[in-house]
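# Sequence and computational prediction follow.
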Amino acid sequence: MRHAFRERLMLAAALVLTTVYLFPLYWMYITTLKSGSAIFASPPAFWPTDPQWQIYGHVWQSRNMGRYILNSLVIASGAVAIVSVLGVGCAYVLARYRNIWVDAGLFLVLMLQVLPASLMITPIFVGFSQVGLLHYPRLAVIIAIAAKGMPFFIVLVRATFMSIPRELEEAALVDGDSRSGAFFRIALPLARKGILVSGMLIFMQAFGEFVYSRSMIQRVELQPASVGLYSFMAPNANEWNSIMAYAAIYMTPLLAAFVLLQRGIVSGLTSGALK
Amino acid sequence: MKGRWSSIVDGKGFDIALVALPLTFLLTLSGLPLIYNVLMSLQQVDLFSLGTFWRPFVGFKNYSELFAQQETWPILANTAIFVAASIVGQFLIGFGLALMFSTNFPGASWLRGLFLVSWVMPGLVVGAIWSWILSGDFGVLNFLLRESGLINGNIFWRSDPNYSLLAVIIANIWLGISFNMILLSVGLSAIPADLYEAAELDGANAWQRFWTITLPMMRSSIGAVIALGIILTLQQFDLFAAITSGGPNDSSNVAQYWAWELSFRQYDFAKGATISVIMIVFVMLAAFVYVRSTRHEIRG
Amino acid sequence: MNIRKCAMLSALVMGSVLGFCVPAMAEDVTISVWSHDNDRPASSLVADYNKLDTGIKIEYREVPFDDLVSEALRAYSTGQAPDIIAIDNPEHALFASRGAFLDLTDMIAKSTIIEPKNYFPGPLASTMWEGRQYGVPKATNTIALYYNKDMFKAKGLDPDKPPRTWAELVDAARKLTDPAANVYGIAFSAKASEEGTFQFLPWAQMAGASYENINTDGAVKALDTWKTLLDEGLASRDTLTRSQWDSTGTFNSGNAAMAISGPWELDRMVAEAKFDWGVALLPVPEEGAERSSSMGDYNWAIFSSTAHPEEAFKVLEFFVSQDDRMFSDFGLLPARADIDIGETGQPLKDAALHVFLEQLKYAKPRGPHPEWPKISKAIQDAIQAALTGRMSSREALDEAAKKIKAVLG
């Protein structure tokens, strides 16, 4: 009885906090329905007087969003693929040992992420143009994004590997498994939760990346949705309602998918294998 | 040949292969650009010489010129305040939420998912929305504060030099809650429940359990989240561009935005690179904190 | 690419050997064009041109405003510059002075389509460097004073007599400001970006100052007037961080009684402003003083690295030949005095256009100077330092003058 009450209290508190937190999201949706200058009205309107629902269909059509989103998916999937293939192993090794080399490796990995994309783009652009990678612009962007996201991924996944008891792996080795076998059969499955969450975060970040994409992908047909969005946020040509409708169309399915996914990942598997 | 292969499958070679590949990848794609920037900070950069590594060297001239500018120290101080305040805010709120959701009340897992919003929302949109929310006249924040009687006159969050940095910090904390919360949640869910049960049997109260079990077990997650938070905060750019443009009068300007401004607004690429090198010092701090935190990790 | 060229070449050789080489087999010349203008002229003109099938094909790339120059610098440095670019006029000299743009003087002299004498002096001057012409103005704009006639009436001001001097402007702003109704007297932009310079420089110029000479008494008076507007709450403090477009948005929504902005606002205002409004010339320091205004919009230029200067110039000629559509089809003012832009059938808009065309006669380019961004930054810093109260207007402008002098050398 006391338990149920506490749970309900928690739920109420969580609902309040979620509402506060989600306010900017609400404001995005509500702006899609407002007409241009109504955004600047004072006092602000919490519900539009004359909601313009047709804006969604209009933006989807006129902005050719299907193609843009497809490109975003290609780029985000590519980046996640590279990051996870290269990053998981690295994280595993960096978690497995405890010596000066590991310290140096971790330090290096973090240091390499220092510069914001806006300052990295010039050297990367120059380098890619010299090796001819700019002829394959989406691949170029995938590689650049992968490099940007890798340190993030390694650090997170390493933390996951840290929580896997070493005894399990050692037991496998004693049973005659090879090092790589122990990695693939024991460590990797146990760390899948952390890997999935980290991969998910990388995916979302890559999906929205635009600093690299807008410089390296010059052909409209290959540009991702983030660049499509950016290109109509011009200083004097802003139709904020369309811009927000664009953003809403592009992030809502993604958000829904990840709300479901994280539910499975974070709470579904209560580290059962560990016991 | 056979020996090397077997080493890769079943020995030290396996570890080295796993680490060498990604590190080479990173050194090429992030290390070289970093060197390009470091070199540029020591060179005289012509607008049209961006395509090369080799330009006339000028020693530390860019550095001495930069530090002769009166805005340099205030901007570096702003950067430190911005990072420190953002991290404290993000971490405390994120951890608080993660703990709350970890009690698994009904609906917790759904609500937790919604906290991913700030990670999914495109940075440009986040910037625009916060710039409206924080607007002095038609901003919703002022409206709510006024209606609830907390303030009388409007606060010009974006344009009052006393508030402008705080305005960006608020937006950035909102942005950072998502990944702090989700990663700390993953960390919490990895703590075996029997540890808590045992402690409870020993008569430890919730507070003691938090200090003796949760915190020590979370060490590696916390170290990772804070180190990454510092780095992400140092790369925060969209919010400055959208909310204050570093203004008014540089009161909310920070190193990363200033570097961009110098490079791409005034086309002073050497100065922009010089600032980015100074930022490396900040990141070294973060990296150091992180590596230190791994020292005391408890292997599960 | 090379392989394809070789294949083409060998096909041509084979063809001529066999005696049926057809001219149509020659590959079209491709001219790449970069511009920033959303759905406005460039993309439509490019589509029209490609329909003409002249043997020249244009490849168009829309580049976001903030990236235009950095993209161009990066591309030019790595040998990947487009053939043609539309560049914001104050940044034209940056490229022209360094030989990155093609000197068009001789080609223009021979051209029957491009006649320099047809252009307004301001826009034309922005394409020049050391007496040579490095581009052609694409369109032009300037700023003037929008005012809400209904609010004028409500506050007892004559809606047909908008303020003509700074004193009248401040006075009108005082009468029109109504905090209880969320109405400011005036909206403009003092943002720390090119927009701030764009808005302030005309004020300084009307008072006899110039960017080379920014700390005159007149310029101090101009900045003091701005400071009055902010300090007395006649304009929002967010003027310091808000763009012209966002500031004018508050005028459209009825939260400001006057606004200083350009003709790019007209379409939105016609659609959204639910009141009677008009446009007046920028008020001058005192009756009879010199008029001035700023001058915006882009210039076409050809990169000196182009492999096809002749063809690129033909494309420019085509763009210029379409200047008479600039207003009717795209809502932009052509930079030419010889084009009658006609009536739109929208009385408010037509009246406004006449004022803007009149104001254009006084429009002055920013610069031209290859280091304009640094000069502009010094001016923005002064504006912001004075308006936040960190310095007096005099000190701030002295500081700016010092920085500008260092740039000018």
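Arrived safely. Keep in mind that this is a model prediction, so the values were computed, not measured.

# tell me the SS of residue C:34?
strand (DSSP: H, G, I helix; E, B strand; the rest coil).

# separation between it and residue C:49?
Distance of residue C:34 to residue C:49, computed by CB to CB, to the nearest Å: 15 Å. No exception for glycine: its C-beta is placed from N, CA and C like everyone else's.

# now chain B, which segments are flagged as low pLDDT?
Scanning chain B for pLDDT under 70 picks out B:1-5, B:8-10, B:296-300.

# Off-centre distance for the helix or strand containing residue C:299?
Per DSSP states H and E, residue C:299 falls inside strand C:298-302. Distance of strand C:298-302 from its chain centroid, counting by CA atoms, centre = their mean, to the nearest Å, is 12 Å.

# next one: stretch A:3-12
Per CA atoms, centre = their mean, the centroid offset for stretch A:3-12 relative to its chain is 32 Å.

# ok, now stretch C:245-262?
For stretch C:245-262, the distance to the chain centre is 19 Å (CA atoms, centre = their mean).

# And stretch A:86-106, by the same measure?
Using CA atoms, centre = their mean, the offset of stretch A:86-106 from its chain centre is 23 Å.

# Surely residue A:17 and residue B:97 touch.
Yes. Taking CB atoms under 8 Å as the definition, residue A:17 is a contact partner of residue B:97 at 7.0 Å.

# which one of the two has more residues nearby?
residue B:97 (24 against 17; other CB atoms under 10 Å in any protein chain shown).

# looking at it, the more buried one is touching residue B:115, isn't it?
Yes. Counting by CB under 8 Å, residue B:115 is a contact partner of residue B:97 at 6.5 Å.

# what residues are shared contacts of those two?
Counting by CB atoms under 8 Å, 6 or more residues apart in numbering or on different chains, the common neighbours of residue B:97 and residue B:115 are B:177, B:181.

# which stretches of the chain have low pLDDT?
Since you didn't name a chain, this refers to chain A. For chain A, the stretches flagged by pLDDT under 70 are A:1-2, A:36-37, A:234-238, A:266-275.

# Wait, chain C was what I had in mind.
Ranges of chain C meeting pLDDT under 70: C:1-26, C:38-39.

# For the residue nearest the centre of it, which non-adjacent residue is closest in space?
Centroid check for chain C by CA atoms, centre = their mean gives residue C:296 as the closest residue, at 1.8 Å. Closest residue in space to residue C:296, ignoring its immediate chain neighbours: residue C:141 at 4.5 Å, by CB to CB, 6 or more residues apart in numbering or on different chains.

# Isn't the one you found up against residue C:295?
Yes. Contact criterion CB under 8 Å: residue C:141 and residue C:295 qualify, at 7.4 Å.

# Just checking the distance from stretch A:182-192 to the centre of its chain.
For stretch A:182-192, the distance to the chain centre is 23 Å (CA atoms, centre = their mean).

# Equivalent analysis for stretch C:292-303, please.
Averaging C-alpha positions (CA atoms, centre = their mean) puts stretch C:292-303 5 Å from its chain's average.

# How about stretch B:146-161?
On CA atoms, centre = their mean, the centre of stretch B:146-161 falls 28 Å from that of its chain.

# For chain A, tell me whether that stretch is touching it.
No. Stretch B:146-161 stays clear of chain A (CB under 8 Å from any CB of the partner chain), getting no nearer than 8.8 Å.

# Now do the contacts for residue C:326.
C:41, C:139, C:332, C:333, C:334, C:339.

# Could you double-check that the fifth one lies in contact with residue C:141?
Translated: residue C:334. No. Using CB under 8 Å, residue C:334 is not in contact with residue C:141; the gap is 10.7 Å.

# returning to that earlier point: helix or strand next in line after the strand holding residue C:299, which one?
Immediately after strand C:298-302, counting by DSSP H and E, sits helix C:309-321.

# now the strands: where do they sit in chain C?
C:29-35, C:56-62, C:84-88, C:128-129, C:132-133, C:136-137, C:144-148, C:184-187, C:256-261, C:277-280, C:293-294, C:298-302, C:363-364 (DSSP state E).

# and the first one, what other elements does it pack with?
Packing contacts for strand C:29-35, counted by 3 or more CB pairs under 8 Å, 6 or more residues apart in numbering or on different chains; DSSP states H and E, involve helix C:41-52, strand C:56-62, helix C:68-77, strand C:84-88, helix C:309-321.

# Contacts made by it with the rest, please.
Contact partners of strand C:29-35, identified using CB under 8 Å, 6+ apart, comprise C:42-43, C:46, C:55-63, C:68, C:71-72, C:82-86, C:298, C:308, C:311-312, C:315.

# of the residues you listed, buried ones?
Among the contacts of strand C:29-35, those buried by neighbour count (16 or more other CB atoms under 10 Å in any protein chain shown) are C:42-43, C:46, C:56-58, C:60-63, C:68, C:71-72, C:82-86, C:298, C:311-312, C:315.

# Keep only those of these that are also close to chain A.
With CB under 8 Å from any CB as the criterion, these include C:61, C:62, C:71 near chain A.

# Settle this for me: the first one is touching residue A:221, isn't it.
No. Look at residue C:61 against residue A:221 with CB under 8 Å: they stay out of range, at 11.7 Å.

# Get me the contact residues on the stretch 1-150 of chain C for chain A.
C:36, C:38, C:40, C:61-62, C:64-65, C:67, C:70-71, C:74, C:77-78, C:80.

# if you set the cut-off to 6 Å instead, what comes out?
Neighbours of chain A within the stretch 1-150 of chain C, by CB under 6 Å from any CB of the partner chain: C:38, C:61, C:62, C:64, C:65, C:74, C:78.

# quick revisit: now render the helices and strands packed on strand C:29-35 as TSV, adding distance to residue B:82.
Below are those laid out as TSV (distance: least, CB to CB, whole Å):
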stretch	distance to residue B:82
helix C:41-52	39
strand C:56-62	34
helix C:68-77	24
strand C:84-88	31
helix C:309-321	46
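
# Include distance to chain B when you put the ones you listed into JSON lines, please.
As requested, the helices and strands packed on strand C:29-35 are exported to JSON lines (distance: least, CB to the nearest CB, whole Å):
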{"stretch": "helix C:41-52", "distance to chain B": "22"}
{"stretch": "strand C:56-62", "distance to chain B": "16"}
{"stretch": "helix C:68-77", "distance to chain B": "4"}
{"stretch": "strand C:84-88", "distance to chain B": "12"}
{"stretch": "helix C:309-321", "distance to chain B": "19"}
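
# Of the ones you listed, give the one that comes closest to residue C:377.
helix C:68-77 (14.2 Å; CB to CB).

# and the closest one, how far from the chain's centre?
Distance, centroid of helix C:68-77 to centroid of chain: 20 Å (CA atoms, centre = their mean).

# So residue C:141 and residue C:295 - more neighbours on which side?
Using other CB under 10 Å as the criterion, residue C:141 and residue C:295 rank with residue C:295 on top: 30 against 23.

# State the number of residues packed around the nearest residue to the more buried one once chain neighbours are set aside.
Using CB to CB, 6+ apart and skipping residues adjacent in sequence, the residue nearest residue C:295 is residue C:363, 3.8 Å away. Around residue C:363 there are 24 other residues, counting by other CB under 10 Å.

# And for residue C:160?
With other CB under 10 Å as criterion, residue C:160 counts 8.
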